[in-house]
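> when you get a sec, could you give me coordinates for this:
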Amino acid sequence: MADDPLDAPGTKAETEIAGDDWAAALSEQEGSERIQAPAFAELNNSAATAPAGSQNLDFLLDIPLDVTVELGRTSMIINKMLQLTQGSVVELDKAAGEPVEIFVNNKLLGKGEVIVINERFGVRITEIISQADRVKNIA
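Here you go, the predicted model:
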């Protein structure tokens, strides 16, 4: 009976059996799935209706920020940079006494003058950029 076309792989009989198996599996799966709408908790509108000044933002006051003071900049070719040794002098683009730029988290905050306090460098803020300019720098 090896010549029986019903026993050959890929025949109509085998396809019907496979189709029945798939149909049974799909019907089992469809019966096990339950679709439900998600349940969300009620939103409290008290924060939205509270005056802007009354919101508690104290947690923001403890976020650390990086403050950088830039004395000046320069550019040089790689060959010149490779020739730098201890004692080499790198000339910057700002003159002595010229205001330095103050950055907070890499965003310009203002300008100031370099001072020395107890043998350490410091900066006295002489200018803070406007709030509008600070907002532009954030974007």
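> phi first, then psi, for the closest residue to residue 127 other than its chain neighbours.
Of all residues not flanking residue 127 in the chain, residue 111 sits nearest, at 4.4 Å (CB to CB, 6 or more residues apart in numbering). Bear in mind the C-beta positions are built from the backbone N, C-alpha and C, glycine included. Backbone torsions of residue 111, given as degrees, to the nearest 10, read phi -130, psi 160.
> do residue 60 as well
phi -70, psi -20.
> please apply the same query to residue 69.
Dihedral angles of residue 69 (phi, psi; degrees, to the nearest 10) stand at phi -110, psi 120.
> now it, nearest residue through space, not along the chain?
residue 123 (4.9 Å).
> for the host helix or strand of that neighbour, packing partners?
When elements are assigned from DSSP states H and E, residue 123 belongs to strand 120-128. Contacts defined by 3 or more CB pairs under 8 Å, 6 or more residues apart in numbering; DSSP states H and E place strand 120-128 against strand 100-104, strand 107-117.
> what are the pairing partners of that strand, and which direction each?
strand 107-117 (antiparallel) (DSSP bridges).
> hang on, residue 79 in a helix?
Yes. Counting by DSSP: H, G, I helix; E, B strand; the rest coil, residue 79 is located in a helix.
> below-threshold pLDDT in this protein: ranges please.
1-19, 28-33, 35, 45-55, 139 (pLDDT under 70).
> tell me the domain boundaries of it?
For the chain, the structural domains run 1-33, 64-138, going by automatic domain parsing.
> residue contacts, residue 65?
104, 105 (CB atoms under 8 Å, 6 or more residues apart in numbering).
> and it, how far is that from residue 109?
10 Å (CB to CB, to the nearest Å).
> with residue 103 instead?
Taking CB to CB, one finds residue 103 at 6 Å from residue 109.
> so for these two, which sits in the more crowded spot?
residue 109 (20 against 16; other CB atoms under 10 Å).
> brilliant, that's me finished.
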